[in-house]
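*Asks:* Mind looking at a prediction? Sequence and model below.
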Amino acid sequence: MIGREATRAASGGTQRQPGRIGWLLLSPLIAWAFAFVVAPAVIMLVYSFARRGTLGGVVLEFTLENYAGVLDPVYMQIVIRSIVYAAITTVLCLLMGYPVAYLIGRSEERLRNGLLMAVMVPFWTSFLIRTYAWVTILKSQGLLNSIAMQLQLITEPFEMLYTPGAVVLGLVYTFLPFMILPIYSSVEKLDGALVEAALDLGAGPVRAFSRVIVPLTAPGIAAGVLLVFVPSLGIYAVNDILGGGRVDMIGNIIENQFKGNARNWPFGAALGTTLLVSFALIYWFVNRRQRAVADGAGDRLLRGMP
């Protein structure tokens, strides 16, 4: 308990519950969430137990066939592939994003603002335009192959576009800022006195980083992991553009059920509901894990390092 109190103090103190005025101010957000989050989720849940009509419509007759179809080996292979690609994307974003976020959080204010601006610059351009730019870079006659051939590093164009590597590269490029920003927020609020206390108690720089800094920035890491893993698992635009239809993920299958030739809305709803439940379980696990890690850091500081 004491460790938890120390951790909360290091990360900004206790949280206050909103009063009547607070709930009144939150009412537009609550209404928006109900209209655009809760209601669509309920409709999707209802459709997931319905039958597909003859011409692709929805017949509201209860059935579990859609969820049985989710367990089909063909779709399970795509689900596993999606999880693997999303996990690789998350790990790469964390490995690249944490040092950048730590550097930004520990920089002087003037330099910090410039670095934050550099992280935000990609958002000024359309997501689709930025993704299509990678096509011109990765294609056989693209920028990378042209430079490599001029430098005589390769003798013929290297196939990079429409491969799993191109998809993962596009996902990392798209979601890297979503890993940097929440970790930066945690690093900025990090109490430097706790790090100094760990060093005074005999911990070296590496041990202080792994036992104090990383656990105390766990909320930012958890938020970044969720903001990267969850959307990269369900996205379909990057796969369509950089995968060229060769690297399907679960988002592409769901898109095809609603917009493509399949026109099987109940099955697409079942896939979407399964994905939504998976997201909720992932959020619960990550949130519980980061709390345990942060509380452990507080307990170690109170007991005395190492």
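*Replies:* The structure has been received and is ready for your questions.

*Asks:* which regions of the stretch 101-250 of the chain sit below the pLDDT cut-off?
*Replies:* Counting by pLDDT under 70, the stretch 101-250 of the chain shows low-confidence ranges at 200.

*Asks:* and residue 191, what are its phi and psi?
*Replies:* phi -80, psi 110 (degrees, to the nearest 10).

*Asks:* Number of residues surrounding it?
*Replies:* 15 (other Cβ atoms under 10 Å). All C-beta atoms are positioned from the backbone trio N, CA, C, and that covers glycine.

*Asks:* where exactly do the strands run in the stretch 151-300 of the chain?
*Replies:* Applying DSSP state E, counting those that start in this stretch to the stretch 151-300 of the chain gives no strands.

*Asks:* Can you name the residues that contact residue 175?
*Replies:* Shown in contact with residue 175 (Cβ atoms under 8 Å, 6 or more residues apart in numbering): 89, 93, 227-228, 231-232.

*Asks:* quick check, nearest of those residues to residue 62?
*Replies:* Proximity of these to residue 62 (Cβ to Cβ) peaks at residue 231, which lies at 31.5 Å.

*Asks:* OK, contacts around the closest one?
*Replies:* So residue 231 contacts 175, 178 (Cβ under 8 Å, 6+ apart).

*Asks:* Against residue 179, how distant is it?
*Replies:* Per Cβ to Cβ, to the nearest Å, residue 231 is found 12 Å from residue 179.

*Asks:* same check, this time on residue 261
*Replies:* Counting by Cβ to Cβ, the gap from residue 261 to residue 179 is 36 Å.

*Asks:* just residue 272 next, same as before
*Replies:* Taking Cβ to Cβ, one finds residue 272 at 25 Å from residue 179.

*Asks:* Same question for residue 64.
*Replies:* To residue 179, residue 64 is 38 Å away according to Cβ to Cβ.

*Asks:* Just give me the neighbour total for residue 137.
*Replies:* 15.

*Asks:* List the buried residues for the helix or strand containing it?
*Replies:* Following DSSP states H and E, the helix or strand that holds residue 137 is helix 127-138. Going by neighbour count (16 or more other Cβ atoms under 10 Å), the buried part of helix 127-138 is 131, 134-135, 138.

*Asks:* where does it sit relative to the chain's centre, distance-wise?
*Replies:* 20 Å (Cα atoms, centre = their mean, to the nearest Å).

*Asks:* before we move on, back to that, more neighbours: residue 64 and residue 179, which one.
*Replies:* residue 179 (29 against 10).

*Asks:* Please list all residues in contact with the more buried one.
*Replies:* Counting by Cβ under 8 Å, 6+ apart, residue 179 has contacts 90, 93-94, 96-98, 101, 224-225, 227-228.
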